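# Could you work out the structure for the sequence below:
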Amino acid sequence: MKNLTADQIRQLNMYSIYTEQPERPLFTLQTLLDPKQTEHVLTTVQAISGSPNRTVAASYFMRRLGMFIAMQFTNLAMYDEIWDGSHNRLVFGAKKEYGKLAVSTFADAEDWRTVDDEERQDVISRILTEECKAVIQQMRTVASISPLTLWENIFGFLLWQYHVLLANPATEYEARADFDMLRDDALWKGIAPHSLFATYLKGNEPSILLNTEVRTTCCFSKDVPGLMQCGFCPLR
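Sure thing, here's the model as predicted:
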């Protein structure tokens, strides 16, 4: 296991990911994926976020988790590291951000590890399967929401991160390799019939899609008290 640098911790904090224990823990990733507890978890998210219903609450949570996923790929490109803790060690807690309670992510700094080149594709596939697909499928058992909406909630953060990483000569090579894998249909085997990320990009580079209506679904952020309509919204 690796010790995160001060810069890594700062980057995580900017995306509402913290390495200390939460003062007000709510649930873990393991709890969310437990069919007996998913409904209670989403009810908790709805209460903390002030979302008007479960559909909005599910989308809100996936945007929060999407920031963690984006940081996974950022750490992979910049440091050849990922978070590799067990599901019961990824904790979500209530934390005040910008004067309002939010559902934030808490991941112990000891759970990051170095990724070898030969396992890079397997690691990315695992992130998509265990941290994205599994959560999306489980939340949809208790909330009426399109899976595409939830995937696009993740992709919006990835779009920005890869714009930054590909523009930086220090991270361009690693980021390009990961970016190309994410666009490869083969990586999505067992997850989707084709690369959902490639479909989202429509053949474009991330920098081309910034500040455009790249989404095909609404993420409902406009319906969460204190949040605004996102910049990628097709309803603008």
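
# Show me which helix runs longest in this protein.
Determined from DSSP state H, the single longest helix within the chain is helix 54-79.

# Could you list the buried residues of that helix?
54-79 (16 or more other Cβ atoms under 10 Å). Placement of C-beta: from N, CA and C, glycine included.

# What's the mean pLDDT across that helix?
Helix 54-79 comes out with an average pLDDT of 97.

# For Asn75, see how far away the residue lying farthest from the centre of the chain is.
Farthest-out residue of the chain from its mean C-alpha position, per Cα atoms, centre = their mean: Pro169, at 24.6 Å. Here Pro169 is placed at a distance of 18 Å from Asn75 (Cβ to Cβ, to the nearest Å).

# Phe73 versus Lys133, what's the distance?
As defined by Cβ to Cβ, Lys133 lies at a distance of 16 Å from Phe73.

# same question but for Cys218, I mixed them up
Separation of Cys218 from Phe73 (Cβ to Cβ): 24 Å.

# Kindly report the same for Gly93.
Noted for Gly93: a distance of 23 Å to Phe73, by Cβ to Cβ.

# do Leu101 as well
When Cβ to Cβ is applied, the distance between Leu101 and Phe73 equals 27 Å.

# Identify each buried residue in stretch 190-203, please.
Of all the residues in stretch 190-203, those buried under the rule 16+ other Cβ under 10 Å are Ile191, Ala192, Ser195, Leu196, Phe197, Ala198, Tyr200, Leu201.

# Can you lay out those residues as JSON lines showing distance to Thr105, secondary structure and pLDDT?
Putting the buried residues of stretch 190-203 into JSON lines (distance: Cβ to Cβ, whole Å; DSSP: H, G, I helix; E, B strand; the rest coil; pLDDT from 0 to 100) gives the following:
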{"residue": "Ile191", "distance to Thr105": "22", "secondary structure": "coil", "pLDDT": "96"}
{"residue": "Ala192", "distance to Thr105": "24", "secondary structure": "coil", "pLDDT": "97"}
{"residue": "Ser195", "distance to Thr105": "25", "secondary structure": "coil", "pLDDT": "98"}
{"residue": "Leu196", "distance to Thr105": "22", "secondary structure": "helix", "pLDDT": "98"}
{"residue": "Phe197", "distance to Thr105": "21", "secondary structure": "helix", "pLDDT": "98"}
{"residue": "Ala198", "distance to Thr105": "27", "secondary structure": "helix", "pLDDT": "98"}
{"residue": "Tyr200", "distance to Thr105": "23", "secondary structure": "helix", "pLDDT": "97"}
{"residue": "Leu201", "distance to Thr105": "25", "secondary structure": "helix", "pLDDT": "97"}
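
# how about a markdown table for those residues, with distance to Arg140 added?
Output for the buried residues of stretch 190-203, formatted as a markdown table (distance: Cβ to Cβ, whole Å):
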| residue | distance to Arg140 |
| --- | --- |
| Ile191 | 15 |
| Ala192 | 14 |
| Ser195 | 20 |
| Leu196 | 15 |
| Phe197 | 19 |
| Ala198 | 22 |
| Tyr200 | 19 |
| Leu201 | 24 |
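
# of these, closest to Leu150?
Leu150 lies nearest to Leu196 out of the buried residues of stretch 190-203, by Cβ to Cβ, at 10.5 Å.
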